[in-house]
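A.B. asks: structure of the sequence below:
(one chain, ligands or ions: 1)
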Amino acid sequence: MSWPAGYARVELDEVDSTMAEAARRAPEAAGPVWIFAHRQTAARGRRGRAWVEEDGNFAATLLLPVAGPAQHLALRSFVASLALVDALVAVTGRAEPFSLKWPNDVLLNGGKVAGILLESHGGRGAGGAAHLAVGIGVNLRAAPGAEAVEPGAMRPVALLPETGADVAPEDFLEHLAEAYARREAAFRTFGFDPIRQAWLAGAARVGETVTARTGTSATTGTFETVDPSGHLVLSTPSGRIAVAAADVFF
Ligand SMILES: O=C(O)CCCC[C@@H]1SC[C@@H]2NC(=O)N[C@@H]21
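C.D. replies: Below you'll find the predicted structure:
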């Protein structure tokens, strides 16, 4: 494996959360940096949930300086999902057990093996460059128990028991960093559409009935596509609806 040019790397034995570490480092970060930790004591997931990290699992945050329109920030979740699958395919030698769930979960044999959390830091105007923090957790060795997730959420699974692939987190980082750099370069050169097409090609449940839930509402419909803004498009009895942010239930 080779480490991607232009990306720095920080390795920590223990940290509260690599997202918190990214926030602390953002004001000083000049270029992209991977913040990798062997252990997190306060890992967080999407929508204010905790992220349960078993020993031997993977946790890192990529702190990425970003320019360009604010709407492009959220599209990095598709870039990161594709890079994650690339890395998982590289370490297992198998593509068929992996699929993608909007907006940015990676599934293995239909269970959730990895999650991504995006946070942004810094101003976007005259003075300040913005940073995006792309946090990635992968159940490499062990999955948390079903009680760690809310009712109806995907069952957590782990790479080792599901595939037999025994991958050290620091080795996984090398595959992921290389894959991310490649996907990020493609995004910057060719824009979102090829990323969107690749994501849709790997997506689970396209054409099937799904429910998108926010804190206050639930919309059930046929999962048609992801639009050029990265929104989930559902066809419902009252028409086509584009959902910007939600949790999806199958
Ligand atoms: O809820 C999700 O699916 C997203 C989980 C993201 C977990 C990762 S682990 C590395 C980084 N540090 C954190 O505290 N969270 C993210």
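A.B. asks: domain assignment for this protein?
C.D. replies: Each domain of the chain is listed here as a residue range: 8-201, 209-249, per automatic domain parsing.
A.B. asks: pLDDT (mean, whole number) over the last one?
C.D. replies: The predicted model assigns domain 209-249 a mean pLDDT of 93.
A.B. asks: what about it, start to end distance?
C.D. replies: Looking at domain 209-249, the gap from its leading to its trailing residue is 9 Å under the measure C-alpha to C-alpha, to the nearest Å.
A.B. asks: run a quick neighbour tally on Ala87.
C.D. replies: In terms of burial, Ala87 registers 26 neighbours under the definition other C-beta atoms under 10 Å. Heads up, the C-betas are built off the backbone N, CA and C, glycines and all.
A.B. asks: which ones are touching Pro228?
C.D. replies: Phe192, Asp193, Arg196 (C-beta atoms under 8 Å, 6 or more residues apart in numbering).
A.B. asks: what's the closest non-adjacent residue to the second one?
C.D. replies: So that's Asp193. Of all residues not flanking Asp193 in the chain, Pro228 sits nearest, at 7.0 Å (C-beta to C-beta, 6 or more residues apart in numbering).
A.B. asks: pretty sure that neighbour sits in a helix.
C.D. replies: No - with the criterion set as DSSP: H, G, I helix; E, B strand; the rest coil, the secondary structure at Pro228 is coil rather than a helix.
A.B. asks: keep only those of the contacts of Pro228 that are in helices.
C.D. replies: Restricting the contacts of Pro228 to those inside helices, with DSSP state H as the criterion, leaves Phe192, Asp193, Arg196.
A.B. asks: kindly provide the distance from the last one to Glu224.
C.D. replies: What it means is Arg196. The span separating Arg196 from Glu224 equals 13 Å under the rule C-beta to C-beta, to the nearest Å.
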